[in-house]
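Visitor: When you get a sec, could you give me coordinates for this:
(2 chains)
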Amino acid sequence: GESVGLHLPTLSVQEGDNSIINCAYSNSASDYFIWYKQESGKGPQFIIDIRSNMDKRQGQRVTVLLNKTVKHLSLQIAATQPGDSAVYFCAAATQGGSEKLVFGKGTKLTVNP
Amino acid sequence: DAGVIQSPRHEVTEMGQEVTLRCKPISGHNSLFWYRQTMMRGLELLIYFNNNVPIDDSGMPEDRFSAKMPNASFSTLKIQPSEPRDSAVYFCASNNRVSGANVLTFGAGSRLTVL
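Guide: Coordinates of the predicted model:
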């Protein structure tokens, strides 16, 4: 089955710097990927998603990069702000199969003022 | 829209007691998911429903866990009897299952502590 993992459980950055959170997946059939942000005491909140027919997608201050060759995706946050401090999860799914998203364990991002 | 609404937000109970967690999905969403989150195992899918019908319950840990969705606006997750290892945050999520869309909207979660 699918497994999704993040490279680093914690990441600390200075306010204003760019942040990069990495994620790897195991199932080459995965064709849909999504990033969530979870603040303390809250449920996961959607950030951005990407399908396997793309290798890059941009949102507001966030960019997701997908490398299907090495089964790796990353979330880049530009000009990181204290409000970006949270746990970030990546998840993968196979569209043609189940609707089940498989989540990674999460990376805790701390933004230092 | 008020989002996905879960209750209770916190529950502390003793081992052996029955626990019922409740969820109201976003109006118009036709799929509902129950997840469990722990430090050790992260976010795990327990069960999901499409149009009120359970589709996949392979993530339900054991027979002590059961979930129902009697109508499009309400679902319950029940644990009977509860055990300390059930302590976790339980999330409900919903989406409108159109072709190719998997974006789930999560509730705030129900934190369960079983003593």
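
Visitor: From here on, just use CA atoms for contacts and neighbour counts.
Guide: Noted.

Visitor: for the closest residue to B:Pro25 other than its chain neighbours, phi and psi?
Guide: Nearest non-adjacent residue to B:Pro25, counting by Cα to Cα, 6 or more residues apart in numbering or on different chains: B:Val4, 4.7 Å away. Main-chain torsions, B:Val4, degrees, to the nearest 10: phi -80, psi 130.

Visitor: For B:Val4, list the residues it contacts.
Guide: Residues in contact with B:Val4 (Cα atoms under 8 Å, 6 or more residues apart in numbering or on different chains) are B:23-26, B:92-94, B:105-108.

Visitor: Chain B contacts on chain A?
Guide: Residues of chain A lying close to chain B by Cα under 8 Å from any Cα of the partner chain are A:34, A:41-46, A:95, A:99-106.

Visitor: Could you list which of the residues you listed belong to helices?
Guide: Among those, no member falls in helices (DSSP state H).

Visitor: which two in the residues you listed are spaced the farthest apart?
Guide: Across those, the longest distance by Cα to Cα is 30.3 Å; it joins A:Gly41 and A:Gln95.

Visitor: okay, these two: which has more neighbours?
Guide: Counted by other Cα atoms under 10 Å in any protein chain shown, A:Gly41 and A:Gln95 do not tie: A:Gln95 has more neighbours, with 18 against 12.

Visitor: That one contacts A:Asp31, correct?
Guide: Yes. Using Cα atoms under 8 Å, A:Gln95 is in contact with A:Asp31, at 6.4 Å.

Visitor: Just the buried positions in stretch B:9-16, please.
Guide: Neighbour counts using 16 or more other Cα atoms under 10 Å in any protein chain shown place B:9, B:11, B:13, B:15 of stretch B:9-16 among the buried residues.
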